[in-house]
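Participant: Give me a model of this one.
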Amino acid sequence: MAWRNVFREKKRSILVFASIFMGSVTFLCVNTFISCMDADSYIEHYIHNDYVLYGDGESDNSKPQATMADIADQMRNIPGMGTVEVDRSANVRLPFDAELYAPFIETEDDPESLATFYETTTNSEAQYGAPLISVNSDMIKLYNKTARQKIDIDAFEKGEVCLIGYVDSISASERMTDKTLTLVNDQTGRKRQISVGAAMMRTEQSAITAGYYWVLGGAPEAIFVSDAVMDDLFPDAEISCIIADAEKGKETEVTPYVQRIVKENPIIAGSDIKSVEGSEFKKSMLSLEVIGGGMSIILILIGVVNYINVMITGVYTRKLELAVLESVGMTKRQIRNMLMYEGMFYGIITTVLIVTLGSLMMYGAGRLSVNIADYAVFHYPYVLVAGVVVVLFAICIVVPAMVFRLVTKDTVTSRLREAS
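Facilitator: Next up is the predicted model:
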């Protein structure tokens with residue numbers, strides 16, 4: 001009987017289902033979209049270490065100041081500090097070869113003229129070259145986790161291969177891979193040949209933490225090598241980046257020391273502090289969460305209020321019918337249970353719609369966030385869906401019982417007389 005009553009007025013039933021479903025799914029989709037771009041995903045994608053200090057800042061030559069090597073030693077002496085690693089960088093000249101470096105030359109507006117310039121120029125400051133940056137193998141392992149084109153870590157550590165960046169297409173990446181580069185130190189004349197182990201896509205560059213470096217038009221933006229290569233070509237290369245991690249649970253104690261070092265040393269051009277970056281990102285997302293969450297809550301409340309209104313109207317219009325059922329022997333408890341079963345069927349059907357069609361819509365919202373932000377990660381909101389379903393069932397079951405209780409305050413006789 002309860003099942004038949006649900007669909008007695010099909011238009012009203014469809015309106016109720018649509019209202020509750022759209023309100024609930026909108027709430028879930030908005031929260032899914034925002035949760036995919038949470039601070040944890042942002043930090044995991046962009047900030048791999050607790051502290052990163054970038055060198056090459058403006059220095060005051062009028063008084064002695066610490067070098068990046070001195071600052072690295074200061075970092076190691078901070079109580080609670082764990083590992084401290086450094087990246088070194090140097091300007092390496094690359095004997096120009098238009099065919100070899102075509103994937104980079106072709107990105108410029110007039111590649112032919114640019115190639116002719118590099119082939120004919122005698123200006124030492126305009127010679128074809130790129131920043132050479134030494135990174136540790138842990139960073140290469142991190143790159144390999146998500147990279148389309150992985151690099152042999154053993155060969156990298158031995159100085160046999162390098163990682164070059166950045167290219168904009170898969171075809172450009174494939175064209176550069178396995179090519180042999182000649183690296184030249186113009187100051188000493190020292191040369192070294194190295195194979196390209198992988199050409200990094202521009203979308204993959206967040207895996208490598210490197211200091212500030214210059215970019216030459218039509219040339220690689222960076223060539224990443226091991227310390228073995230840097231020691232061979234540029235043994236006196238300066239530290240361009242300090243990468244550090246605090247001991248587990250010591251971040252709050254270490255951070256003030258690091259902030260003081262950054263403030264007191266003008267040679268530090270910039271810094272990334274994981275806890276600070278995470279806090280600032282959360283603040284920037286707060287307005288989106290408030291606006292999106294507020295709108296979705298309003299929509300789900302509209303659906304719930306519409307359901308409550310329909311149930312109240314339905315029970316009151318069936319007041320005579322319920323009184324007749326009670327007069328012929330049906331108890332109030334049986335009638336209340338029947339109405340509660342009707343509400344339960346509303347909840348079941350809405351839940352089925354949320355789990356099926358709603359899940360597809362949530363997946364679409366998640367994929368949209370991934371396309372908008374490269375750090376976004378889609379996670380199906382199991383807990384939130386379960387919470388919404390529990391609340392909906394509670395409302396769908398409790399509301400009919402409460403309405404029936406209000407309607408049946410009078411006796412059966414008075415209700416029959418009033419209806420007649």
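
Participant: Centre of the chain to the longest helix along the chain, how far?
Facilitator: Scanning the chain for the helix with the most residues, using DSSP state H, yields helix 274-317. Centre-to-centre, helix 274-317 and its host chain are 22 Å apart (C-alpha atoms, centre = their mean, to the nearest Å).

Participant: Would you mind pulling up the elements that that helix packs against?
Facilitator: helix 10-36, helix 39-46, helix 251-264, helix 332-353, helix 382-407 (3 or more C-beta pairs under 8 Å, 6 or more residues apart in numbering; DSSP states H and E). From N, CA and C alone the C-beta is placed, and that goes for glycine too.

Participant: distance of the most centrally placed residue in the chain from Ser35?
Facilitator: Residue closest to the average C-alpha location in the chain (C-alpha atoms, centre = their mean): Ala376, at 2.6 Å. Distance from Ala376 to Ser35, counting by C-beta to C-beta, to the nearest Å: 9 Å.

Participant: Could you tell me how far Gly270 is located from Ala207?
Facilitator: Remark: distance between Gly270 and Ala207 (C-beta to C-beta) = 19 Å.

Participant: More neighbours: those two, which one.
Facilitator: Ala207 (19 against 13; other C-beta atoms under 10 Å).

Participant: Just give the nearest non-adjacent residue to that one, would you?
Facilitator: Tyr143 (4.0 Å; C-beta to C-beta, 6 or more residues apart in numbering).

Participant: Look at the one you found and give its secondary structure.
Facilitator: Secondary structure for Tyr143, judged by DSSP: H, G, I helix; E, B strand; the rest coil, is helix.

Participant: Can you verify my assumption that it contacts Thr209?
Facilitator: No. Using C-beta atoms under 8 Å, Tyr143 is not in contact with Thr209, being 10.3 Å away.

Participant: what's around Ala199, how many residues?
Facilitator: Using other C-beta under 10 Å, Ala199 has 26 other residues around it.

Participant: and the host helix or strand of it, what other elements does it pack with?
Facilitator: Using DSSP states H and E, Ala199 sits within strand 191-201. Applying 3+ C-beta pairs under 8 Å, 6+ apart, one finds that strand 191-201 makes contact with strand 161-167, helix 170-176, strand 180-184, helix 227-233.

Participant: quick one, the shortest one and strand 161-167 angle?
Facilitator: Counting by axes from the mean of the first three to the mean of the last three C-alpha atoms, to 10 degrees, strand 180-184 lies at 100 degrees to strand 161-167.
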